Each structure stands twice: as C-alpha cells, then as structure tokens.
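J.: need a structure here:
(one chain, ligands or ions: 2)
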Amino acid sequence: MRSYDIIAKKRDGLELTAEEISFIVQGFTQGRVPDYQMAAWAMAVFLRGMNPRETADLTMAMVNSGETIDLSPIKGIKVDKHSTGGVGDTTTLVLAPLVAAAGAPVAKMSGRGLGHTGGTLDKFEAIPGFSVELVREKFIENVNTVKAAVVGQTGNLVPADKKLYALRDVTATVNCVPLIASSIMSKKIAAGADAIVLDVKTGSGAFMKTLENSFELAKAMVDIGAQVGRKTVAVVTTMDQPLGYAVGNALEVKEAIDILKGGGPADLRELCLTLGGHMVKLAGLADSSEAAREKLAALLDGGEALAKFKEMIVAQGGNPDVVEKPELLPQSGQQLEVKAARDGFIQAMEAETIGIAATILGAGRETKESVIDPAVGIVLRKKVGDMVKAGEALAMLHVNRQDKVEEVRKMVTGAYAIGAEAAPTGKLIFGEVTKEGVKRY
Ligand code: URA
Ligand code: CA
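T.: Numbering: from 1, shown residues only. Ligands and ions are numbered 1, 2, ... in the order given. Below is the predicted model:
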C-alpha cells in the first residue's frame with residue numbers, strides 16, 4: 001500500500017477501505033507518512049467528503065493510534081457527555097452530580113479551557129481544595145462509591161488526533177464534518193464511554209455557525225456511534241448567547257449550585273434536564289428521556305442532586321461548605337457595572353465576544369501556559385429579549401486587575417445589540433438526532 005495512491009483515490013472522489021484509512025492514520029501518527037502527504041489527504045477529504053462507513057473507520061483508526069481507558073471495573077453503563085464548546089456552559093458542573101443522583105455512573109475525563117470557552121477542570125478547581133488529579137484506582141473507586149468523579153486526562157489518548165488537528169489548523173481543513181466528527185468521537189471512545197450524549201452548539205459563539213452544519217455534524221457523530229456500538233444521542237442547542245448568566249470559573253460554580261438548589265437561570269436548568277434526560281435513558285435507568293427528565297427535575301427540587309454534589313466535593317478533597325456559603329469561593333476584588341447607552345430591547349448578543357472578554361479578565365487561557373484567575377469573569381444582567389433602560393446594568397465585571405477593564409467594558413457593550421422593537425428570547429434547543437433519525441423542534 002502507498003500513501004500516494006490513497007491520496008489520489010480520495011482526490012478522485014472514491015471510497016477508501018478500512019485498511020487504507022488505517023494505513024495512512026497509523027503511518028502519520030508513527031512518522032512514516034510525512035506532513036505534506038497527510039495535509040494533501042486531509043484536503044482531499046475536505047473537498048470530497050467521507051461516507052458514514054469511512055467516517056466510522058477513520059474514528060476507530062484514530063482510537064487505535066494510542067492508549068484507551070478501560071472503565072470496565074465501574075459497574076453500570078458509563079455515559080459521557082460532550083459539548084462542542086460554549087461560553088458560560090455550566091452544564092457539566094450540574095450534570096455530574098445530577099445524573100449520579102439518578103443512579104448512573106459519571107466517570108468524567110475533562111480538559112482545561114483554551115480560547116474563549118472555559119474548561120470543566122478549571123471550573124471544578126475553583127472549589128477550594130478540589131483536586132482533579134486522582135490516580136486511576138481512586139477515580140474508579142470514587143465512581144463506584146459516589147457515582148461521580150471528574151479528572152484531568154491522563155495517558156496518551158488518540159495521538160493521531162493531536163497531530164492531525166495541528167496539521168488541519170494550518171492547512172484550512174478544520175471545518176470539515178467527517179474530520180470533526182471523528183476527532184470528537186475518537187476521544188470519547190478512547191476515554192471509555194459506553195454511550196455518549198453530545199451537545200452540538202450552534203450560532204454566533206459556536207464552532208458551527210449555521211443550523212444546517214450543526215445538524216450535519218450531529219448526524220455524523222450519531223452515525224459513528226451506531227456503527228461502532230456506542231449508543232449516541234446529539235442535541236443541537238443555541239450558542240447565540242452565553243448559557244445562564246455567569247461566565248467565569250467560581251462564578252459558574254455558584255450558578256451551578258443555584259441550579260442544584262432548584263433555582264438558577266431557566267435556560268441552564270432546561271438544558272441540563274434535556275441532556276441529563278438522555279444520559280439517564282442511555283444508562284438504561286428510564287424508559288424514555290422524558291421520564292428521566294421528570295425524575296431529574298425532582299432530584300433538583302428535592303435536594304438530592306445538591307447532596308450528591310457535596311459528596312463529590314468531599315471525595316475529591318474540596319470544601320463542601322461552599323454549597324451553603326458560596327462566599328467561600330474565590331471572590332474578585334472589584335465588581336463593576338457595564339451600563340446600557342440607550343433604552344430598548346436586547347435584539348442579539350455575540351457570545352464569542354463575551355467569552356473573549358472573560359478570558360482577557362483572566363477567566364480563561366490565551367495560551368496553554370496562561371494562569372487563570374478563578375474569581376474573575378462576567379455576570380450578565382440582560383440577555384436576548386430583555387428590556388433595558390439607558391444607564392441600567394447590562395452586565396457586571398468581576399475583576400482583579402485594572403489594566404484591561406476599559407477594553408473589556410467596550411467589548412461587552414459592543415456584544416449587545418439594543419433596538420427599539422421588542423425581541424423574542426430565541427430558541428434554546430433546535431432538535432435532537434438519535435439512531436431513529438433527526439427530530440427538529
Ligand atoms: N473539536 C474537536 O475536538 N475536534 C475538531 O476537529 C473540532 C472541534
Ligand atoms: Ca453560565
């Protein structure tokens with residue numbers, strides 16, 4: 001077999017065999033296939049596409065490029081959840097204890113944030129004492145006893161993806177559905193998930209800007225799951241504005257606690273119930289996602305999910321008193337209002353700009369080496385559809401450094417489009433993709 005022939009075959013729009021895909025992926029990972037050939041191949045895939053069978057074979061070739069995590073010592077069906085990346089997406093902080101309280105094991109391996117979206121590990125680490133560095137045995141023990149644990153990724157998982165992603169990034173081949181779908185699914189499968197719930201974000205703050213692309217990506221990932229024996233459900237949800245009100249690590253922990261107490265922002269609660277409903281259904285603990293959802297709502301309102309969160313914090317060395325006294329979380333030195341310049345209604349928001357603004361305040365990383373400040377961030381006061389008066393606060397900046405405040409204030413003001421006409425609040429969930437097909441709401 002020769003890489004040249006595999007590249008030419010895809011260039012001509014032909015279907016590659018599993019052996020050909022594995023040959024080029026393993027060859028590239030191990031350094032036998034040079035970057036220029038892999039780049040040509042990625043561009044051929046970008047232009048010619050891949051069918052569902054090829055996409056599934058690519059996914060498994062990537063999984064087989066490195067180590068995989070064996071979660072079989074954990075009892076029950078392990079359901080993982082993945083978001084394609086949102087601003088102020090506080091869902092994992094809520095879902096881990098909530099789904100665990102419903103009896104499903106949550107063995108979560110997460111990443112740190114880079115760019116304008118925050119990382120789940122950084123958010124959990126905002127809880128004083130909370131450690132995400134559990135050894136494997138302790139991680140498994142915690143999931144078996146508490147039902148939920150969150151750790152940083154260890155091991156050499158999917159090296160093919162690390163290398164291919166870096167190449168795609170500089171060859172204009174990132175935005176390609178089979179390459180994105182296989183990249184995401186390979187990492188979830190290598191991390192040991194039996195079943196996967198995907199939150200595919202769509203809109204201004206998302207990777208996928210249009211609904212069509214978002215559903216296409218959702219369908220490609222669900223198809224991969226079906227072909228490789230991992231039950232997969234995808235929900236397409238808005239990222240036209242941040243989720244909930246809080247953007248920033250400790251601020252989002254507090255927001256998650258509000259949800260776990262039965263309150264909190266309606267959009268965040270709704271999304272957690274929807275994603276959690278699918279997780280509990282896939283874990284085999286409910287007959288339908290709707291039935292699971294009702295059970296989860298009762299666990300939020302009855303305090304069981306909150307109790308589970310405390311248990312989880314204790315098991316990972318954190319201070320559980322933050323649940324009753326959120327003021328024990330890191331607090332910023334200053335809280336500054338960003339005021340509206342005119343009366344009107346919020347017509348639209350740029351979620352990405354809010355994410356970048358929070359990053360500049362220190363809530364996220366601009367480079368891998370940046371050190372984040374858990375206390376800082378942005379709490380929105382107004383979201384799409386809300387009425388505002390001139391001089392009223394659009395958002396609060398939680399800051400520890402003065403030098404970036406004016407820049408951030410301008411960005412946040414600019415992220416809001418205010419107009420005279422009343423504006424609808426906008427849709428939260430656009431539909432779902434299961435193996436039965438695509439359902440648009
Ligand atoms: N996220 C991933 O993990 N991979 C991609 O290719 C794109 C987004
Ligand atoms: Ca939030």
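J.: which stretches of the stretch 1-150 of the chain have low pLDDT?
T.: Applying pLDDT under 70 to the stretch 1-150 of the chain flags residues 113.
J.: so how many other residues sit close to the residue in it that ligand 2 sits nearest to?
T.: The nearest approach of the stretch 1-150 of the chain to ligand 2 comes at Gly88, 3.3 Å away (CB to the ion). Glycine gets a C-beta too; all of them are placed from N, C-alpha and C. Gly88: 30 surrounding residues under other CB atoms under 10 Å.
J.: Val322 now?
T.: Neighbour number of Val322 under other CB under 10 Å is 23.
J.: Tell me if I'm right that the residue of the stretch 1-150 of the chain closest to ligand 2 and Pro242 touch.
T.: Yes - the criterion here is CB atoms under 8 Å, and Gly88 meets it with Pro242 at 3.6 Å.
J.: so who does the residue of the stretch 1-150 of the chain closest to ligand 2 touch?
T.: 118, 242-247, 252, 351, 354-355, 358 (CB atoms under 8 Å, 6 or more residues apart in numbering).
J.: possible to save those residues as CSV with distance to ligand 1 and neighbour count?
T.: Listed next are the contacts of Gly88 as CSV, based on distance: CB to the nearest ligand atom, whole Å; neighbours: other CB atoms under 10 Å:
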residue, distance to ligand 1, neighbour count
Gly118, 15, 31
Pro242, 19, 30
Leu243, 18, 30
Gly244, 22, 28
Tyr245, 26, 23
Ala246, 24, 27
Val247, 20, 34
Glu252, 21, 31
Ala351, 16, 27
Ile354, 20, 26
Gly355, 15, 28
Ala358, 20, 31
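J.: Can you name the residue of the chain nearest to ligand 1?
T.: Ser183 (3.4 Å; CB to the nearest ligand atom).
J.: okay, now the residue nearest to that residue when sequence neighbours are not counted: neighbour count?
T.: Nearest residue to Ser183 in three dimensions, chain neighbours excluded: Asp161, at 5.2 Å (CB to CB, 6 or more residues apart in numbering). When counting by other CB under 10 Å, one arrives at 24 neighbours for Asp161.
J.: just checking, Asp161 is part of a helix?
T.: Yes - under DSSP: H, G, I helix; E, B strand; the rest coil, Asp161 falls within a helix.
J.: all strands for the protein, in order.
T.: Assigned strands in the chain, in chain order: 79-83, 106-110, 148-152, 195-202, 231-238, 246-247, 334-339, 344-349, 377-380, 387-388, 393-399, 416-419, 429-434, 437-440 (criterion: DSSP state E).
J.: So which of the ones you listed is nearest ligand 2?
T.: strand 246-247 (4.4 Å).
J.: Check which strands are paired with the closest one and give the direction for each one.
T.: In the sheet, strand 246-247 lines up against strand 377-380 (antiparallel) (DSSP bridges).
J.: mean confidence for the strand it pairs with?
T.: On average, the pLDDT along strand 377-380 is 98.
J.: For the nearest residue to Ala357 once chain neighbours are set aside, give me its contacts.
T.: Leaving aside its sequence neighbours, Ala357 sits nearest to Met411 (CB to CB, 6+ apart; 4.3 Å). By CB under 8 Å, 6+ apart, the contact list for Met411 reads 353-354, 356-357, 360.
J.: can you do 7 Å?
T.: Residues in contact with Met411 (CB atoms under 7 Å, 6 or more residues apart in numbering) are 353, 356-357.
J.: thinking again about what came up before, need the strands of the chain in a markdown table with distance to Gly31, can you?
T.: Below are those laid out as a markdown table (distance: least, CB to CB, whole Å):
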| stretch | distance to Gly31 |
| --- | --- |
| strand 79-83 | 29 |
| strand 106-110 | 27 |
| strand 148-152 | 27 |
| strand 195-202 | 31 |
| strand 231-238 | 32 |
| strand 246-247 | 41 |
| strand 334-339 | 50 |
| strand 344-349 | 45 |
| strand 377-380 | 42 |
| strand 387-388 | 57 |
| strand 393-399 | 46 |
| strand 416-419 | 49 |
| strand 429-434 | 37 |
| strand 437-440 | 40 |
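J.: just those strands: most buried one?
T.: strand 246-247 (a mean of 30; mean count of other CB atoms under 10 Å).
J.: chain center to it: distance?
T.: In terms of CA atoms, centre = their mean, to the nearest Å, the centre of strand 246-247 is found 15 Å from the chain centre.
J.: picking that back up, any idea which of the strands of the chain scores lowest on pLDDT?
T.: Among the strands of the chain, strand 106-110 scores lowest, at a mean of 92.
J.: and that strand, which strands flank it?
T.: For strand 106-110, pairing defined by DSSP bridges yields strand 148-152 (parallel).
J.: Not counting the partner strand itself, show me its contacts.
T.: Here strand 148-152 has contacts from 96-97, 100, 106-110, 120-121, 124, 132-134, 139, 142-143, 308, 312, 316, using CB under 7 Å, 6+ apart.
J.: Quick one: buried ones out of those?
T.: 96-97, 100, 106-110, 120-121, 124, 132, 134, 139, 142-143, 308, 312, 316 (16 or more other CB atoms under 10 Å).
J.: Select from the residues you listed every entry located in helices.
T.: 96-97, 100, 120-121, 124, 139, 142-143, 308, 312 (DSSP state H).
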